[in-house]
Each structure stands twice: as structure tokens, then as C-alpha cells.
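In: Fold the following.
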Amino acid sequence: MTANDRDLTIDERDVLSGVSIAEPWSLVECFAHMRREHPTEMNRGGEEIAARLSRLGIPCTMYEPTLFLSTPRPSKLEVGGLTFEAKPPSFAPSVPDGVLARVVVIQDAAKLIDGYAPSTANLFGEGFSPMPGVEDVTGCVVAYFGTLNGERIAQLEKLGAAAVVAINPGDNAHWGGGCAFWGTPDTDDLPAKLGIPAVAVNRHAGEPLLEAAKTGAAARVVTSLEEGWYQCRLPVAEIRGTEQPEQFVLLHGHYDSWDVGVGDNATGNAAMLEIARVLWQHRGKLKRSVRLAWWPGHSTGRFAGSTWYADKFAIDLVRNCIAQINCDSPGCRWATSYEIIPWMAENAAFVAGVVNDAIGKPASGRRPPAANDYSFTNLGITGYLSSSSRIPAAEVAARGYYYVMGNGGNIEWHTVFDQLDIADRDILLDDIRIYLLAVWRNANAVLLPYDWGALIAEFAGTVRSYQRAAGDRFDLGPAQQAVAVLGDSVARFERAVRAGSIPPADANRTLLRLSRHLVPLNYVKGTRFRRDLATPPSPLPWLAIAEELDRYPPSTLGFALNQLQRGCNHVVGGLMDACEVVDAALDDARVNRAAA
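Out: This next block holds a predicted model:
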């Protein structure tokens, strides 16, 4: 698919025409024969990337953070006289002698409600159910149908489970994350570390587990993991801009993998290398800088590399990073659709335009999940992409595939079968063009491409939804009014920018300051300089408890309403702060017009 030249500038056509498959495919083939799972193996991958950057003449800084990592080792599930290969999540405990206990199977995974600590049941009384429909699991091996989920395992641990088994839907079990902390934990995070063993098994283990649950039989879960502190390689290339070099776009992706991980994420590593090569050739036309970072510790450290970088360079990121773009699992076979691109409301139109102009295809998106090295939302940095191309939904259904997060939808994701045949040269070229054009346009934008009006419209819909859920139990009117006031101010700001009353440089400062206020408001419940736990953030998370009021009995509803009151104050205060930013810009424009 060729680019839509009608909507490309001369420079953009020139940049995109320079993309070649030779350099990126060479790295894909190299990584197809290099395991990058254990830290010693992983570091070889970082060194290979740095060596290739050096051969291309691109400056690269090799950082060496010490990260806390957990690497699963061969483990097993024994049930009904059968033994199944099992894959423990990172940061689960090693139990070499195993846990032997009665089996309980939860067949409806939807009964496992995300976002609630079961330990609160003893505070809120018998009428409060932390996991509705789940029977007593004290001392049991609890199996559920689905993939590994750290929060779910933690919930079951608090309910008294002795071990957890995730029954995956296919012939192969998938590796996955365990603990809910994000990156190397601090002392406040450590209580979230799992205290019970957990494993993923394939669908063939489901039948004997179901039979054991019916008869009251037992199963044994045996786990082995290697855990500790490791010095890791973290290569970062920076291509300096010519007009505002202190400001930068951050393009990033992890280079560690499960086994050789071709689709997750050798293809992403290769795409970034090619983008670095092309940008270096055209560096004289870059207005702002571009940083490209390859992260260690994504899988075995729960985004430890990107979190280390966010912590280490937090102030620089807050002051100067205009966007973060995540590159994970591009260029996989059959992935020709762009239907579920992760993007935020404020950059959705920009990304859809990039996809159309780069390869002539339509794009649609969704709210980013709590994954994929989105380690910068607490700093207020807008972001988009991670996965890009996906297997079309009709073909997924025809192949009988189930949903997986990476590999473009190929179910070899997070298995030993993620090999060279998962990558596709032509699709990789398309995805490289998309990422390259997004980086180029973001770095060279006269006006930063943030549509804060779109986000405010999303806020209005979110608050309306929460108000419907709360009913007459709580009035979210102050939040609705604050959204409306900010919307009016932003609309006036946009009109002033279009009219030329606010110069682009001044407008960009305001747009960037809005990002620092509004992104955390939409994705973060913690503080500015530490990540939330890796749990799915609801829109405007400080108000999300409005949807759960029905779960509280009358005697304890007041606790939830008190939380909602504080959340409403937080949201209203944040919106007012953002409004002050916009109003200050409008006031400055009026003063400047009067002086002229």
C-alpha cells in the first residue's frame, strides 16, 4: 500500500520514500536466533541494538540501571494423575515442593471484578461482595478461564486461595505478568507482591481441573522462578532538532522477550532502528528532537526499564517531552487492519490521519490499557500507539483465534512459537511508515496536534455516565459544570489561535501545560512522580466508584459516597487548574492586542 501522496508534504514524501526493509529485517533475523528472556540473554539484545546504531553513525547512550526482575522457570500442574507444563507469572513465589489442595473452578471469569481488594469485605459487612458469585475458596487451588492477571490473583489470595491456575483458551499456555506493581517496586508497592503460587496452563488442563472440582479432588501447583537485582542495558538514541532541540518526542519499545519473541518485540525493535536511520539522514529538517529508547525488563520486570527512565528523568520529561509513542508488535503476519489502535482522545484524530496518509487505510482506536510501557501518564505526557496493525476481526473469527494483546493478534504471542514466520516484511514496512510519519509530524508540528476539545467532550460523557449510575445518591453537578467551563475556555482559546491572536509558540506552551493537567486526571489516581499499580484505569478514575454504589449495603454506602465526594473535589480542582492555564493564555492575548 502506497502512501496517500495528496496529503503529504514534499518533506514527508521524501522521508517516507527512504524507508527500506534491509536494515530492520536484518535485526529481526538476528533476534530470531537470540533469546532475550533471562537478564544475561536480554542484555545481549541491548548491546546488539547499540552496535547497529553505532555502525549507522547514530549517537547512542547506554544506560545501565539496576532493576528488580523475576524470570519464570519450568513449572508444572499435577491433576487427575496427569502432569501439564505450566507457566508462572513474574513475581509469583517459587514453591518447588508445590501446593496440594482441593480444586475450585470459577467458570465465569466475569465474576472476578477488577479494582477491589477482597480484604475490604470484613469492613463493609456481609452485604458487600468483593467478588460476586465466588464461593469460599479458602485453602483451595482456584482455577479460572482466562489469561494470567496479577490483580485477579491478588484478589483470590486475599480471599484465602492457596494457589491459582489460569486456564488459557488455546493449545499453548501464555507467559504473563504477575504482580500489580508497575516497574521496580518501592516500599509502598511491596505489599502488592504475590504471596501464593500461580500458573497458566493450556486448555487441555481444563477438563481434569473441572473433573477434580466436581469430585472434590486435589491438584498440585509447582512453581520455579529466578528473582533478584540485575544490571541491565538500556540504549537511548537522540536525534537533535534544529529549532527547539530541548523538546522531544519519545519513541520507545521493549527489547526483552519471552524466548526469541519475534513478533513481541523483535519487529518493534527493528522498526525503531529503521526510523532512527531515516531520521538521522533527515536530521537537518527536524524542528524538535526525537529520542528512541529500547527498554529492558518489560516482561520480567513489569515495565521496569521504562519506569526507571521515567523516574530518573522525570523533570526533563515533564518539562520537555511533547508525546510518547510506544512501538510494540508491529509487522506481524496477516495483520492488515488498524481497528483497535491504542490512543487517547486528544490525539485520536492525529493518529487516524497519520495512518490514512502513510498507507491509505482507515483507523479506529480505543483507550490505552494499563500495559505496553505506558509509564509516563502520571507525568502528564500524552501518548498513542503500542500495537498498530491487527489481524482483521473476520479473519480472527474464521481462524478460530482468541484475543491476545500482542503479535498483531497471532496466538503464538508469549509462547515459544513466536518465531520468524510470525513477521511479515510488507506489513512491517507499512507499520514503519506509520510510526515514522507520526514521529515526524509530531516533532515538526507548528501547533502541537492535541485536540483537548475532544478530550473534554469525552469527560462530559464520562461524568454523565457516572451521574446516571449514581442516581439521586450523589450529585456530580459540580464536575459537570467544571467540564463545561473548561470546554468553553478551550473553545475560545482555539478560536484565538486560529485567528492569529495567540502565536504558535505561546499556544504550544499552553497545549503542553494542559497535557500535564488533563492526562493524569483521565488515567491516574496516584501522585505525579510515582506510578499507580498496574490495574486498568477507568476514565476519570477518581469518580469511577459512582458505577459501583449498588454493591454497598445501606449501612456502609456512606463510605463509598465519602470517597466519591473526595474524588469529585479532586476532579473539579484539576479542571479548575486547567481552566486557569487557558484563561491566562487568553488574558495575555488580550493584553498583547491592546498594546499593539
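In: Mind checking what helix or strand follows the helix or strand of the chain with the lowest mean pLDDT in sequence?
Out: Using mean pLDDT, DSSP states H and E, helix 121-124 stands out as the lowest-scoring helix or strand of the chain, at a mean of 38. Next helix or strand after helix 121-124 toward the C-terminus (DSSP states H and E): strand 141-145.
In: Quick one: the helices in the stretch 101-250 of the chain, in order.
Out: Using DSSP state H, counting those that start in this stretch, the helices found in the stretch 101-250 of the chain span residues 121-124, 150-158, 206-215.
In: Contacts made by the longest one with the rest, please.
Out: So that's helix 206-215. 79-80, 82, 103-105, 143, 145, 165, 167, 217-219 (Cβ atoms under 8 Å, 6 or more residues apart in numbering). To be clear about C-beta, it is placed using only N, CA and C from the backbone, and glycine gets the same treatment.
In: Tell me the buried residues in that helix?
Out: Of all the residues in helix 206-215, those buried under the rule 16 or more other Cβ atoms under 10 Å are 206, 208, 209, 210, 212, 213.
In: what is the rounded mean pLDDT of it?
Out: Helix 206-215 comes out with an average pLDDT of 93.
In: Please point out which parts of stretch 318-336 sit buried.
Out: Neighbour-count burial for stretch 318-336 flags 318, 320-336 (criterion: 16+ other Cβ under 10 Å).
In: What is the end-to-end distance of it?
Out: With Cα to Cα, to the nearest Å as the measure, stretch 318-336 spans 35 Å from end to end.
In: Report the mean per-residue pLDDT for it.
Out: Mean predicted confidence for stretch 318-336 is 98.
In: of the contacts of helix 206-215, buried ones?
Out: When the contacts of helix 206-215 are checked for burial by 16+ other Cβ under 10 Å, the buried set is 79, 80, 103, 104, 105, 143, 145, 165, 167, 218, 219.
In: returning to that earlier point: could you dump the helices of the stretch 101-250 of the chain into JSON lines and include distance to residue 363?
Out: Putting the helices of the stretch 101-250 of the chain into JSON lines (distance: least, Cβ to Cβ, whole Å) gives the following:
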{"stretch": "helix 121-124", "distance to residue 363": "43"}
{"stretch": "helix 150-158", "distance to residue 363": "30"}
{"stretch": "helix 206-215", "distance to residue 363": "36"}
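In: Mind checking these for the one nearest to residue 48?
Out: helix 150-158 (30.4 Å; Cβ to Cβ).
In: For that closest one, name the packing helices and strands.
Out: On a contact count with 3 or more Cβ pairs under 8 Å, 6 or more residues apart in numbering; DSSP states H and E, helix 150-158 meets strand 163-167.
In: Hey, what's the angle from the strand it packs on to strand 141-145? Just curious.
Out: Here the directions of strand 163-167 and strand 141-145 differ by 20 degrees (axes from the mean of the first three to the mean of the last three Cα atoms, to 10 degrees).
In: So what are the sheet partners of strand 163-167 and their directions?
Out: Strands adjacent to strand 163-167 in the sheet, as given by DSSP bridges, are strand 141-145 (parallel), strand 198-201 (parallel).
In: ok, the closest residue to residue 230 other than its chain neighbours - how many residues close by?
Out: Sequence neighbours aside, residue 39 is the residue nearest to residue 230 in space, at 4.0 Å (criterion: Cβ to Cβ, 6 or more residues apart in numbering). Using other Cβ atoms under 10 Å, the number of residues around residue 39 comes to 22.
In: Quick one: the strands in the stretch 201-350 of the chain, in order.
Out: Secondary structure of the stretch 201-350 of the chain (DSSP state E, counting those that start in this stretch): strands located at 218-231, 234-239, 244-254, 288-295, 321-326, 341-342.
In: Would you convert those strands into CSV that also reports distance to residue 531?
Out: Output for the strands of the stretch 201-350 of the chain, formatted as CSV (distance: least, Cβ to Cβ, whole Å):
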stretch, distance to residue 531
strand 218-231, 19
strand 234-239, 17
strand 244-254, 15
strand 288-295, 14
strand 321-326, 14
strand 341-342, 17
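In: Look at residue 89 and give its secondary structure.
Out: Following DSSP: H, G, I helix; E, B strand; the rest coil, residue 89 is assigned to coil.
In: Backbone dihedrals for it, please?
Out: Torsion angles at residue 89 (phi, psi; degrees, to the nearest 10) stand at phi -80, psi 150.
In: According to the record, where do the domains of this protein fall?
Out: Residue ranges for each domain of the chain read 5-65+232-444, 69-230, 452-595, as given by automatic domain parsing.
In: So residue 444 sits against residue 289, correct?
Out: No - counting by Cβ atoms under 8 Å, residue 444 sits too far from residue 289 to count as a contact (11.3 Å).
In: Of the two, give the one with the bigger neighbour count.
Out: More crowded of residue 444 and residue 289, by other Cβ under 10 Å: residue 289, with 23 against 18.
In: Any figure for the gap between the more buried one and residue 272?
Out: For residue 289, the distance to residue 272 equals 15 Å [Cβ to Cβ, to the nearest Å].
In: now do residue 162
Out: For residue 162, the distance to residue 272 equals 43 Å [Cβ to Cβ].
In: repeat for residue 310
Out: Distance, residue 310 to residue 272, using Cβ to Cβ: 18 Å.
In: do residue 313 as well
Out: With Cβ to Cβ as the criterion, residue 313 and residue 272 are 18 Å apart.
In: How about the contacts made by residue 431?
Out: If you count contacts by Cβ under 8 Å, 6+ apart, residue 431 has them with 267, 271, 330, 331, 388, 389.
In: these two touch, right, the third one and residue 267?
Out: To tie it back to what came earlier, the one meant is residue 330. Yes - using Cβ under 8 Å, residue 330 is in contact with residue 267, at 5.4 Å.
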